[in-house]
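K.L.:
Dropping the sequence and predicted coords here.
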Amino acid sequence: MNSPELTVYTYDWLPEFPRGFVRDFRVRWAAEEVGRPYHIATVPSHPRSDAHRAMQPFAQVPMITDGDLTLFESGAIVLHLAEGSPLLPAAKRSEVTQWVIAALNSVEPRIGSWMTAQLAKSMPQIFGPPAPAELEAHLMTGMQGRLSALEGLMADREWITDDFSAADILLVDVLRPAQNEGALEGFPALTAYVERATARPAFQRAMKDHMAHWAAADAARQSSN
């Protein structure tokens, strides 16, 4: 029986700084890991449309349609795509789900707050005024606490559970922005973990297509001017 058509929604265009880290990438990666063909549809990045909000009440991406199902939130989508595959083995379902939630709820907000403080230094018009030094130090301490806990766990593991799973897709994608900003220096186990995951062929295919989308968006934008 053929699977229903999978459509992944992302923005029609974004400036360069978030490219490579837009969360539709997580969905592309999961789809590549499970061998699920998909195509891309877009919603306007500005202004956000009523049609977008009808699919995603917060006007964020990604969203998917999978047959009659419409789904948003990257964690929910990755778990959906992982169903029935080695990314979500029955014997490890609860543990994998635990780590998906931990990545998005315990780790990503700490990294995200610190990242926002870094980006505010160069783009205050988007991210608000730069944080005072005391607040930036506090955000760094909070992030490093989470990274230290993960470093201890990953020192003797290849993946966060026994085998590569949906949890690794989410956790590695949460860690990648921190690595990009040099925040994983001093965390060799986490650095090696991210490097293992990003060397996977499915990651490489997903990233190639993700970046090609933005290149095509640039070309379309230029041709319309």
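P.N.:
Alright, I've got the coordinates. Given the structure is predicted, the values throughout are model-derived calculations rather than measurements.

K.L.:
Where do the domain boundaries of this structure fall?
P.N.:
If you go by automatic domain parsing, the domain ranges for the chain are 6-86+202-217, 90-199.

K.L.:
Now for the closest residue to Met154 other than its chain neighbours, which secondary structure element holds it?
P.N.:
Among residues not flanking Met154 along the chain, Ala189 sits closest, at 4.2 Å (Cβ to Cβ, 6 or more residues apart in numbering). Where you see a C-beta, it was placed from the backbone N, CA and C, and this is true even at glycine. Assigned by DSSP states H and E, Ala189 falls within helix 188-198.

K.L.:
buried stuff in that helix?
P.N.:
With burial defined by 16 or more other Cβ atoms under 10 Å, the residues of helix 188-198 counted as buried are Ala189, Leu190, Thr191, Tyr193, Val194, Arg196, Ala197, Thr198.

K.L.:
Which strands and helices lie in contact with it?
P.N.:
helix 133-154, helix 166-180, helix 201-224 (3 or more Cβ pairs under 8 Å, 6 or more residues apart in numbering; DSSP states H and E).

K.L.:
Which stretch among those approaches His46 most closely?
P.N.:
Proximity to His46, assessed across the helices and strands packed on helix 188-198 by Cβ to Cβ, is greatest for helix 201-224 (12.4 Å).

K.L.:
What mean pLDDT does that closest one get?
P.N.:
Rounded to a whole number, the mean pLDDT of helix 201-224 is 96.

K.L.:
Give me the distance from it to the chain's centre.
P.N.:
Between the centre of helix 201-224 and the centre of its chain there are 16 Å (Cα atoms, centre = their mean, to the nearest Å).

K.L.:
Equivalent analysis for stretch 216-225, please.
P.N.:
So, by Cα atoms, centre = their mean, the centroid of stretch 216-225 is 25 Å from its chain's centroid.

K.L.:
now what about the lowest-mean-pLDDT helix or strand in the chain, what contacts it?
P.N.:
In the chain, the helix or strand scored least confidently by mean pLDDT, DSSP states H and E is helix 124-127, which has a mean of 94. If you take Cβ atoms under 8 Å, 6 or more residues apart in numbering as the criterion, helix 124-127 is touched by Thr116, Leu119, Ala120, Pro130.

K.L.:
Give me the buried positions along it.
P.N.:
For helix 124-127, by 16+ other Cβ under 10 Å, it's Phe127.

K.L.:
With stretch 152-162 instead?
P.N.:
Applying 16+ other Cβ under 10 Å to stretch 152-162 flags Met154, Trp159, Ile160, Thr161 as buried.
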